[in-house]
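Asks: coords please:
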Amino acid sequence: MKKTLLPYLMIFLFCFIEYANVGNGGERLQTMDKLHLNNMQKNSSWFIETAMGQYYERKGKDVYERRPGDPGWLKNCPDVVWIYDYLKIRSYAYGAPEIDQKRVIARCRQAFGRFDVFNETECFLRTEYKGEIYEYWVVKEWKTGLYVQAKFVIAKAAALNSGRTILHTSDQFFTKYEIDNDFSVFFPVDDLKTLYHLKAWYYPDNFKNSDLKDFQVFVTREKKYEKIPWP
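Replies: Here you go, the predicted structure:
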C-alpha cells in the first residue's frame, strides 16, 4: 500500500511547492521564476540605458567571426552580436536583438526556456525635442500560463550614441508624458499596427485606465489591421 501511495504523495508535494508562492492578482510564481524575471529586468534596463547608446557608437565597426555553436542568423547582423553575447553569458539570449529594423526601432527578447519565463523590451516611439532624443519603451514579461506584467518607460538621450536616462517608469499605461509646457511624448494609440504589437489585451492589469485592453487587433488575409472586442 505504501509503495502504491508514494508516487501520488510525491506528485502532491511537487504541486504544493510549484504553486506555493502567490503573487499580485493571484498569479503564482516559484522562487526561481522570480529570480530569472528579476535578472531579465536588470538586463532590460541595461539594454535601454547602456546598450542603445553603445550600439550607435559601435555600429559598422564590429566584424563577426563565426564561433562553434553560434546561430546562423548572427552573420547577418554583426552590429548586435555583442548584445547577444551579453545575454547569452547570462543564459537569457532569445533570438537576435533588433535595432533600426523595418518595423522595430529597438527590441530585445529574453527567455529562460526550462522555466518558460520571458521578457520583451521594445521601443515603440522615438522623437526629438530641442536637440535631445526621447523614447517610449514597453517592457513585457510573462511566465507561460501563470503570469503577465508590463511596465512603461520614458527615456532621454543627448544623442543616439549617448546613454539613456530614465525619466519615468510606471506599471500603468499612459498616453502622454509632459516634458515641458510646450512638448509632450505621446504614445501612438490611433495606429492599429502599433497596437497589434503592443497587445494590450494580454495585460489588462496594466491598462486599468485605458480602453486598449478591451479590444484585440489582428491582421487580415489582406494584411490589413482591424480590431474586435476582447474577450
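Asks: and the nearest residue to Asp116 once chain neighbours are set aside, how many neighbours does it have?
Replies: In space, and not counting its chain neighbours, Asp116 is closest to Thr144: 3.8 Å by CB to CB, 6 or more residues apart in numbering. From N, CA and C alone the C-beta is placed, and that goes for glycine too. Using other CB atoms under 10 Å, Thr144 has 11 neighbouring residues.
Asks: could you pull out the helices for this structure?
Replies: 2-18, 31-46, 52-58, 81-89, 192-198 (DSSP state H).
Asks: Worst mean pLDDT among those helices?
Replies: When the helices of the chain are ranked by mean pLDDT, helix 2-18 comes last with a mean of 46.
Asks: Now do the same for the residue nearest to Glu49 when sequence neighbours are not counted: its pLDDT.
Replies: Leaving aside its sequence neighbours, Glu49 sits nearest to Arg164 (CB to CB, 6+ apart; 4.8 Å). With respect to pLDDT, Arg164 scores 98.
Asks: Was I right to think Arg164 contacts Ala157?
Replies: Yes. Using CB atoms under 8 Å, Arg164 is in contact with Ala157, at 4.9 Å.
Asks: Just want to know which of these two has more residues nearby.
Replies: Shown here are Arg164 and Ala157; by other CB under 10 Å, Arg164 has more neighbours (24 against 21).
Asks: Now do the phi/psi pair for that one.
Replies: phi -90, psi 140 (degrees, to the nearest 10).
Asks: can you tell me which residues contact it?
Replies: 48-50, 52-53, 135, 155-157 (CB atoms under 8 Å, 6 or more residues apart in numbering).
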